[in-house]
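> Fold the following.
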Amino acid sequence: MNTVKLVMLGEGGVGKTAISLRVAMNYFDVRPHHREGEGFLVVYSTTSRASFDSVEKFCRQIARVKDSNRVPIVLVGNKIDRVHEREVETRHGEELARRLGCGFVETSAKTRENLEEVYCTAVRMIEQQRGGSTANPVKKKKKPRKCSIL
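So this is what the prediction gives:
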């Protein structure tokens, strides 16, 4: 089994912990160490324009720490279940992701909508950068999964 190291970043209150706890127990190892990360999830809340405005700062930090502008990053707009509180439209997230060369997924940690898609997108980007392909994965016998959240 290949290991992929993902780092999740974002302003306080955007749902990083909720996303991690909802998904990580079953599938993923989430670690907060920037240098070790192969891929990055930059999370903002769709209910907070300020958290969205900080996304570029996090992307610049990642590029500086990794000393590269070609780092797999997925921009994650969380809290889409809070429709009436939305301050950041989907098209704004899509436009920013396109401009920054990032992947993009909107999620709800509360309803679990698109949570696995976030990680799958990140893994596909990492595999692509490694020179591999996840287009036709070989099905393997399921093994018990372990999770460590630091």
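
> what is the residue most central in space within the chain paired to in the beta sheet?
Nearest residue to the geometric centre of the chain (C-alpha atoms, centre = their mean): Leu41, 2.7 Å. Counting by DSSP bridges, Leu41 forms beta bridges with Met8, Val74.

> Could you pull up the contacting residues of it?
6-9, 19, 73-74, 76, 118, 122 (C-beta atoms under 8 Å, 6 or more residues apart in numbering). In short, each C-beta sits where N, CA and C put it, glycine included.

> out of these, who's nearest Ala50?
Closest approach between these and Ala50, by C-beta to C-beta: Leu9, at 15.1 Å.

> My understanding was that that closest one contacts Ile62; is that so?
Yes - using C-beta atoms under 8 Å, Leu9 is in contact with Ile62, at 7.4 Å.

> Quick check: neighbours shared by these two?
With C-beta under 8 Å, 6+ apart as the test, Leu9 and Ile62 both reach 40, 42.

> burial measure for Asp67, as a count.
8 (other C-beta atoms under 10 Å).

> sorry, that was for Leu96
Neighbour number of Leu96 under other C-beta under 10 Å is 21.

> confidence score at it?
What the model reports as pLDDT for Leu96 is 97.

> next one: Arg60
In this model, Arg60 carries a pLDDT of 90.

> go on, the one 5 residues further on?
The per-residue pLDDT reported for Val65 equals 86.

> and what of Gly132?
63.

> biggest separation within the contacts of Leu41, which pair?
Ile19 and Ile73 (15.3 Å).

> These two: who's more crowded?
Ile73 (27 against 24).

> now the strands for this structure?
6-10, 39-45, 73-78, 103-106 (DSSP state E).

> between these, which gets nearest to Ser51?
That would be, of the strands of the chain and by C-beta to C-beta, strand 39-45, which comes in at 4.1 Å.
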